[in-house]
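> Okay, here's the prediction I keep looking at, along with the sequence it came from:
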Amino acid sequence: MPQQTTTRQRLSAASAPADAPPNAPPHAARVASRPGWLPNAVSTGLVVAALGGIAYWGHRADWTVPKFSALVGGGPVDAEAWCKEHNVAESECIECDASLLPPENDYGWCKEHGIAQCSLHHPDVAQLKDIPSVSPELSDRATRALALLPRPENNSRCKLHRKRIQFASAEAADKAGVDIDVAQERPVVEAIAASGEVIYDETRMAHLASRAAGTAWSVASQLGDQVGKGDVLALIDAAEVGRAKGELVQAVAQWRLKKTNVDRMKPLAADQTVSGRQFREAQAALDEATVRLLSAQHALVNLGLPVRAAELADLDIDEISERLQFLGIPAEIVAALDVDATTSNLLPLKSPLDGVVVERNLAPGEVIDTKTPLFSVADLRRMWLMLAVRQEDAKYLALGQTVLFRPSGGTDEKEITGSLSWISTSVDEPTRTVNVRVDLPNSSGLLRANTFGAGRIVLREEPRAVVVPSEAVHWDGCCHVVFVRDKHYLEPDAPKFFHIRQVRPGVKQDDGTELIAGLLPGEVVAAKNSVVLEAQLLKSNLGAGCCEACAPKK
């Protein structure tokens, strides 16, 4: 009977290699099937060695990946020869090795101008080829600007001016995108801004109403007509005018009669043919007639119809009536009238000034009174600008200051120049602003009433202020600084660095900022992308012991 094989034997036989002895025990087959242990041990050792090498390199390189240019530069990167703090070669770092540059004079803090290393008092700090001379005009401009308004202040304990921002090369600065600009002398205007509205000059405007109630007989002027002083705008048919003229005629006749009586009795009273009492009564009657005559004359004058009773004394009644019929009406208008069919009640409404009819509220045949304005005439050669100034700015205002006004509706319009003529003595309660008035010339007539716009009340106007691009001025938390290029920057072997200069900013106008003190004309500053230098400055301030940080303000 054949010997039966167990399941374990079958599995062992199936897993045994082909070259195993036929009668080999099972463990011998397992040993024969394993790979060699020596190659595995060698691979593991290489991996461990590689990891150890990476750890050593990372420790030496501070785990910083070298630039591509260093990897392919043909040689190993010498990390010890590079100043990590200032991003330049260690042998060329002017911040770490002060002996690389001649020592600079530290003039300290200037109380007058509020900066360190004041170039107005010590022009040798200016980074110019030759030491400049500071003109009295430049110093006076700074004095005026600082005395006029409160200015941004710097910390007197700030030491940033002792630092410098260095580049490894001029190409490195160009690659960083740093652009430069030159401090230039430009005109600047420092002003208080306020919004306002143009209105008619009330001293050159008239609102005309009839001096007597009546009816509009004719209207001669239309809206927008140019009129002169004395021109008739309309004729009013007023019964009061006719009564006043009749009273004047009667007063003339009575006065003439009383005057004749006195003249006749005067010689008779002298030779006592007439008693003194009769003469005195005649004289009293003449005085009363004179008063009545003057009263009738003044009644017509008050209606705007000038007349002199003395000129009528020698005329007969018909001549007086004819002269009074069209009293005050120009001859050219009378010539166009039908004298026989025209009433004597006409009252001319005349313009009291040269100007333009800007309002008309009258039509022929309309019944009018003495309270309703019928015409408004304005002299447009000068207008008023009413500005609302902030209460805190009112203390800088003074009569006669120049005001620049730009009407709304377009930025291409040229500013109109006027003068401040009135400052309100009270504050407007709803807006808490101070109203001021400006006289604006309008010889061209293009300025229109009720126009809104922006005004600038000029406090200081400098034709030659030191101006740099606004992006060149930085605030680091304790002082305002600009980065001034060293005067030897363009020399081939000179270190490429910028000085940190404290400044006092003034007016911001367009894209430029006035520097009251700290910089002289002609100095070169970092402008576009100067934030790169600011970032390096802030980084240095965070460093431990590299530079003295700005101390707290006193």
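Sure, I can see it. Given the structure is predicted, the values throughout are model-derived calculations rather than measurements. Residues are numbered from 1 along each chain as shown.

> CA only for contacts and neighbour counts going forward, please
Fine.

> Helices of the stretch 201-350 of the chain, start to end?
Taking DSSP state H, counting those that start in this stretch, the helices of the stretch 201-350 of the chain run over residues 239-270, 276-302, 317-325, 331-335.

> make that the stretch 401-550 of the chain, sorry
Using DSSP H, counting those that start in this stretch, the helices found in the stretch 401-550 of the chain span residues 531-542.

> Can you list the low-confidence ranges for it?
Flagging of the stretch 401-550 of the chain using pLDDT under 70 yields the residue ranges 410-413, 541-550.

> Could you pull up the contacting residues of P407?
413, 415, 451-454 (C-alpha atoms under 8 Å, 6 or more residues apart in numbering).

> do the same with A213
238-240, 367-370.

> let's go with 7 Å and repeat that
By C-alpha atoms under 7 Å, 6 or more residues apart in numbering, the contact set of A213 is 238, 368-370.

> returning to what we had before: any chance of TSV for the helices of the stretch 201-350 of the chain, columns mean neighbour count, mean pLDDT and distance to H499?
Below are the helices of the stretch 201-350 of the chain laid out as TSV (neighbours: other C-alpha atoms under 10 Å; pLDDT from 0 to 100; distance: least, C-alpha to C-alpha, whole Å):
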stretch	mean neighbour count	mean pLDDT	distance to H499
helix 239-270	18	91	89
helix 276-302	18	92	82
helix 317-325	15	90	92
helix 331-335	10	91	84
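
> that older thread, could I have the buried ones of the contacts of P407 as PyMOL selection syntax?
Filtering the contacts of P407 down to the buried ones (16 or more other C-alpha atoms under 10 Å) takes a single PyMOL command:
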select buried, resi 452+453+454
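
> Tell me the one of the contacts of P407 nearest D393?
For these, the closest approach to D393 (C-alpha to C-alpha) belongs to A454, at 15.7 Å.

> Which element, helix or strand, includes the closest residue to the closest one other than its chain neighbours?
Spatial nearest neighbour of A454, chain neighbours left out: S195 (4.6 Å); criterion: C-alpha to C-alpha, 6 or more residues apart in numbering. Counting by DSSP states H and E, the element that carries S195 is strand 184-200.

> Off-centre distance for that strand?
5 Å (C-alpha atoms, centre = their mean, to the nearest Å).

> other SSEs contacting it?
strand 382-390, strand 452-469 (3 or more C-alpha pairs under 7 Å, 6 or more residues apart in numbering; DSSP states H and E).

> Just the buried residues of stretch 333-353, please?
344-353.

> now swap in stretch 125-132 and tell me
125-128, 132.

> what residues are up against the residue nearest to A238 when sequence neighbours are not counted?
Residue nearest to A238 in three dimensions, not counting chain neighbours: G214, with 4.4 Å by C-alpha to C-alpha, 6+ apart. Under the criterion of C-alpha under 7 Å, 6+ apart, the contact list for G214 reads 236-239, 367-369.

> okay if I get the residues you listed as TSV plus distance to F405?
Shown next, in TSV, are the contacts of G214 (distance: C-alpha to C-alpha, whole Å):
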residue	distance to F405
I236	42
D237	46
A238	47
A239	50
V367	44
I368	41
D369	41
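
> which of those residues count as buried?
Buried by 16+ other C-alpha under 10 Å: 236-239, 368-369, out of those.

> any idea which of those is closest to L303?
Distances from L303 to those, taken by C-alpha to C-alpha, are shortest for A238, at 10.3 Å.

> Show the contacting residues for that closest one.
Per C-alpha under 7 Å, 6+ apart, neighbours of A238: 212-215, 345-347.

> Could I get those residues in a markdown table, plus columns for distance to P441 and pLDDT?
Shown next, in a markdown table, are these (distance: C-alpha to C-alpha, whole Å; pLDDT from 0 to 100):
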| residue | distance to P441 | pLDDT |
| --- | --- | --- |
| A212 | 36 | 96 |
| A213 | 38 | 96 |
| G214 | 39 | 96 |
| T215 | 39 | 96 |
| N345 | 41 | 94 |
| L346 | 38 | 95 |
| L347 | 35 | 96 |
